[in-house]
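In: Sequence and predicted structure below; questions after.
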Amino acid sequence: MRVLDWRKLTRGRPAARYHWRYGLLVEDIEVDGFHCESYGVVVTDLVGGQEAVRRHVSVNAREAVELLDLLARNGVTPTTLGDVIEDWLGR
């Protein structure tokens, strides 16, 4: 598993800033003799140290980058990542 791309987001007032980092994960997988890349995401709270990882969210690179941008634009936290991914998959 490797990180293919990163996004960063900082929000809040100087005394109470939040810093999150969003990463696009890529893994090479094999299914029934077929090789492809599987994409996932990681969200890290750079202040508190909390991290959430969701592997194998999509095999479509364009969709995965759109998801990464969506997460960063909306300030998704490590705590809420799982719920957001479930909603995104169910769209």
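Out: Yep, that arrived. Numbering: from 1, shown residues only.

In: Assumed L70 was part of a helix.
Out: Yes - using DSSP: H, G, I helix; E, B strand; the rest coil, the assignment for L70 is a helix.

In: Give me the distance between it and H35.
Out: Here L70 is placed at a distance of 28 Å from H35 (Cβ to Cβ, to the nearest Å). Backbone N, C-alpha and C define where each C-beta goes, glycine included.

In: Quick check: what element follows the lowest-mean-pLDDT helix or strand in the chain along the chain?
Out: None of the helices or strands of the chain scores lower by mean pLDDT, DSSP states H and E than strand 2-11, at a mean of 78. Note on strand 2-11: by DSSP states H and E, the next helix or strand toward the C-terminus is strand 18-31.

In: Tell me both backbone torsions, phi and psi, for the most centrally placed residue in the chain.
Out: Central residue of the chain (Cα atoms, centre = their mean): V41, 2.7 Å from the mean position. V41 adopts backbone torsions of phi -140, psi 160, taken as degrees, to the nearest 10.

In: That one contacts W88, correct?
Out: No - between V41 and W88 there is no contact under Cβ atoms under 8 Å: 9.9 Å.

In: Show me the common contact partners of these two, please.
Out: L67 (Cβ atoms under 8 Å, 6 or more residues apart in numbering).

In: returning to that earlier point: between L70 and H35, which is the more surrounded one?
Out: Set L70 next to H35 and count neighbours by other Cβ atoms under 10 Å: L70 wins out with 14 against 8.

In: Understood, closing this out.
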